[in-house]
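A.B. asks: Okay, here's the prediction I keep looking at, along with the sequence it came from:
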Amino acid sequence: MTNVGNQNTIDAGQNVKCNMCGMQHYGNYPIKCIKCGKIGHKARDCWSKVVATGANAQPVVTCYGCGEKGHIKTNCHARNNPGRNGARGQAYALRDGDQNLGLNVVTGTFLLNNRYARVLFDSGSDKCFVNINFSCLINIEPVKVNHSYEVKLADGRVVSTNTILKGCALNLVNHLFEIDLMPIEFGTFKLIIRMDWLILHDAVIVYGKKEVHVPLKKRTLVVKGDDCVSRLKVVSCIKVKKYVDRGSYLFVAQVVEKESIERRLEDVPKKDGLFRMCIDYRELNKLTIKNSYPLPRIDDLFDQLQGSSVYLKIDLRSGYHLLRVQEKDILITAFRTRYGHYEFQVMSFGLTNAPAVFMDLMNRVCRPFLDKFVIVFIDDILIYSKNKEEHEEHLRIILELLEKEKLYPKFSKCEFWLDSVKFLGHVINSQGVHIDPTKVEAIKNWTALKTPTEKWENVAMDFVTGLPRTPSGYDLNWVIVDRLTKSAYFLPKKKTDSIEKLVELYLKEIVCKHGVPVSVISDRDSLFTSRFWVSLQKALGTQLDLSTAYHPKTDGQSKRTIQTLEDMLQACVIDFGSSWDKHLSLVEFSYNNSYHASIQAAPFEALYGRKCHVESEVQLDEKLHFIEEPIEIMDREVKRLKQSRILIVKVHWNSRRGPEFTWERKDFFKRKYRHLFARRRVTRQGKCQDVTS
């Protein structure tokens, strides 16, 4: 090609440097991938998974074997040098609180060396691991290996270990499997099972069903994870009504508070001033089958003491701790402290069957001498004799017996050679059995209950918030309750009202009508803790009792009244809308004239000594009594739901507004109006007979 004039000449085979891409080429601008930076294809057709960082950036490859960048699996040094000292692995230690554990894991709780462990079956992990805090409980000595193993956790941390627990027993659905574990610190799972264990037993993880299938000789063992069990969900009352209308079944359930489930550690004081460690096993005792071994009646024991004059009382050392718990029941005695979880290997105080089991032990030990000169009640032993010579022989026999059975008495609490002894709340001597004077004295000096004796002396108050704003601007209600008569005032109020208006309302409605209260119970609202309110009550001589974190139910009287008031206000708001303040006096009247089971009367009657009634009875016209009743069944249909069918009937009612028709469920409607479903037929004898349809 030749240019004319002074223009330069360019050969046909020569490439020109492009101003757009900076490369030598001839013709149009070539196609270039914006993902990997290569020429010849677009990003939508790119096979590379690495995004380029520059114009000529090359993709950075990642090894699928060791996870490092810069080489592929065929050139991996880890594959070529399997005996290296620094082995690497991965462990994805998830936490129990994670709602989404992923699709490639199965979780469950199984036995590892007879210890319950939270297990994670993970196909992405290349070693079997055990939590280092749990490894000390399975009674297997760790074995050191020649090389260390570096483990990369899911949170990015890298930990190193060179120990293995060999020959651990994993119990899956009553089938034992041997497994080697490496102790490391991770998450809240106790055990992570790796791919090589799954490959060794030809196990397959079924991710959709959250199951692990382990083939055995003649059948396949199916290990179900936790996620395969359906969980109950909490729904609103509106949805519940829809489900019931569709034919779903309703069951009564109860939400158990977490505090009642946890086994708390408590110190119970003893007579000698020391404390006995006791565990709160109430939830466990509810599930325990009670031991029916009978405890002896105290009055029957004392019938054996006739003619005795010398006594000896023995109290055993450690009590229930002398009994050993069976190996299979040690797990259920676990309790939690701030230092960790512990289990009782001996009988603990607080278990429901502890007295009966220990009583059975003592009866078997002292059986040859019972009803002769020995009385046993749990861990208390009483020896009675007619004279000192006989008593010396009885003492020797019992002490030798206890030494033989390894039941050791606590000599600081034993009493020897007594003419009078205190035993099971009674005083025993040669004259007979008497009541312990200290027990009678305790009843005489019993502290009287602090029950209010005067009306409107003890007052409780609180606010009901969240109410719709009325045209007058009221958006909350002040509830003031008399603790003696249960009578209450419902006073509308604005959130923006100052403390001065609150005091003015209090003096007008309470102080002027009933006098100055002795005490006022309330929560720690900002209005009740203000300096003005506290100074006013102090000037009036009223004691303020504010609820605290340790006594949250101090204002429980007003809280219970508020619950009743909220139900009444809901009906008031539904009927009258935002004008509920105009009808609040009627709500107050209804509450004060309703029967209270705690005082066996209405608050109005308890306050004024008479019932609230009109002078003459109300005369009602008989024509006002009109009851709508069904006349006949017009039609029948079958309502089809997803999983059931419901028979419904069309009912004709005798309404004053004219003919009305409704569809009702046949089974419910038939129970009330069985006569509508009866039809008459003529028998062979020519008699009419009703037949239920």
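C.D. replies: It's in.

A.B. asks: who touches stretch 366-376?
C.D. replies: 301, 304-305, 359, 362-363, 381-385, 390, 394, 397-398, 401, 423 (CB atoms under 8 Å, 6 or more residues apart in numbering). Just so you know, the C-beta spots here come from the backbone N, C-alpha and C atoms, and that holds for glycine as well.

A.B. asks: That one: end-to-end distance?
C.D. replies: 8 Å (CA to CA, to the nearest Å).

A.B. asks: Can you give me the buried ones in that stretch?
C.D. replies: 366, 369, 373-376 (16 or more other CB atoms under 10 Å).

A.B. asks: so which pair among the residues you listed is furthest apart in space?
C.D. replies: Phe373 and Val376 (11.6 Å; CB to CB).

A.B. asks: that older thread, I'd like to know which of the buried residues of stretch 366-376 is nearest to Lys494.
C.D. replies: Val376 (71.9 Å).

A.B. asks: tell me which residues of the longest strand along the chain are tucked away?
C.D. replies: Among the segments of the chain that qualify as a strand by DSSP state E, the longest is strand 158-172. For strand 158-172, the neighbour count (16+ other CB under 10 Å) marks 161, 163-165, 168, 170-172 as buried.

A.B. asks: what does stretch 663-680 give?
C.D. replies: Buried-residue list, stretch 663-680, by 16+ other CB under 10 Å: 664, 666, 669-670, 676.

A.B. asks: Please narrow the contacts of stretch 366-376 to those residing in strands.
C.D. replies: 381-385, 423.

A.B. asks: Report the two of those residues separated the most.
C.D. replies: Ser385 and Phe423 (14.6 Å).

A.B. asks: burial of Gln326, as a residue count?
C.D. replies: Gln326 has 7 neighbouring residues, counting by other CB atoms under 10 Å.

A.B. asks: just Glu390 next, same as before
C.D. replies: 15.

A.B. asks: tell me which residues form a beta bridge with Val310?
C.D. replies: On the basis of DSSP bridges, Val310 is bridged to Ser385.

A.B. asks: Asn387 versus that one, what's the distance?
C.D. replies: Separation of Val310 from Asn387 (CB to CB, to the nearest Å) stands at 7 Å.

A.B. asks: neighbour count winner among these two?
C.D. replies: Val310 (22 against 10).

A.B. asks: So the more buried one sits against His391, correct?
C.D. replies: Yes: between Val310 and His391 there is a contact at 4.2 Å, judged by CB atoms under 8 Å.

A.B. asks: anything in contact with each of the two?
C.D. replies: Joint contacts of Val310 and His391 (CB under 8 Å, 6+ apart) are 385, 417.

A.B. asks: Next, report how far stretch 421-434 is displaced from the centre of its chain.
C.D. replies: 48 Å (CA atoms, centre = their mean, to the nearest Å).

A.B. asks: actually stretch 432-449, not the one I wrote
C.D. replies: 42 Å.

A.B. asks: buried residues in it?
C.D. replies: Neighbour count says stretch 432-449 has Val433 buried, by 16+ other CB under 10 Å.

A.B. asks: got a list of contacts for it?
C.D. replies: 302, 305, 422, 425-428.

A.B. asks: cool, stretch 490-499 as well?
C.D. replies: Against stretch 490-499 from outside (CB under 8 Å, 6+ apart): 463, 465, 470, 472-480, 502, 505, 509, 527, 530, 532-533, 565, 581, 584, 587-588, 591.

A.B. asks: These in helices, which ones?
C.D. replies: With DSSP state H as the criterion, helices contain 502, 505, 532-533, 565, 584, 587-588, 591 from among the contacts of stretch 490-499.

A.B. asks: So among those residues, where is pLDDT lowest?
C.D. replies: In terms of pLDDT, Leu565 ranks lowest among the ones in helices among the contacts of stretch 490-499, with 76.

A.B. asks: ranges for the strands of the stretch 351-500 of the chain?
C.D. replies: 374-377, 380-385, 415-418, 420-423, 426-429, 432-435, 458-464, 476-482, 488-493 (DSSP state E, counting those that start in this stretch).

A.B. asks: Tell me which of these sits nearest to Arg645.
C.D. replies: Nearest to Arg645, of those and by CB to CB, is strand 458-464 at 46.2 Å.

A.B. asks: Show me which residues of stretch 191-204 are buried.
C.D. replies: Buried, per 16+ other CB under 10 Å, within stretch 191-204: 191-195, 197-198, 201, 203.

A.B. asks: As CSV, those residues with distance to Pro409, pLDDT and secondary structure would be great.
C.D. replies: Shown next, in CSV, are the buried residues of stretch 191-204 (distance: CB to CB, whole Å; pLDDT from 0 to 100; DSSP: H, G, I helix; E, B strand; the rest coil):
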residue, distance to Pro409, pLDDT, secondary structure
Leu191, 47, 82, strand
Ile192, 52, 83, strand
Ile193, 52, 83, strand
Arg194, 56, 75, coil
Met195, 61, 74, helix
Trp197, 55, 82, helix
Leu198, 59, 82, helix
His201, 57, 84, coil
Ala203, 58, 85, coil
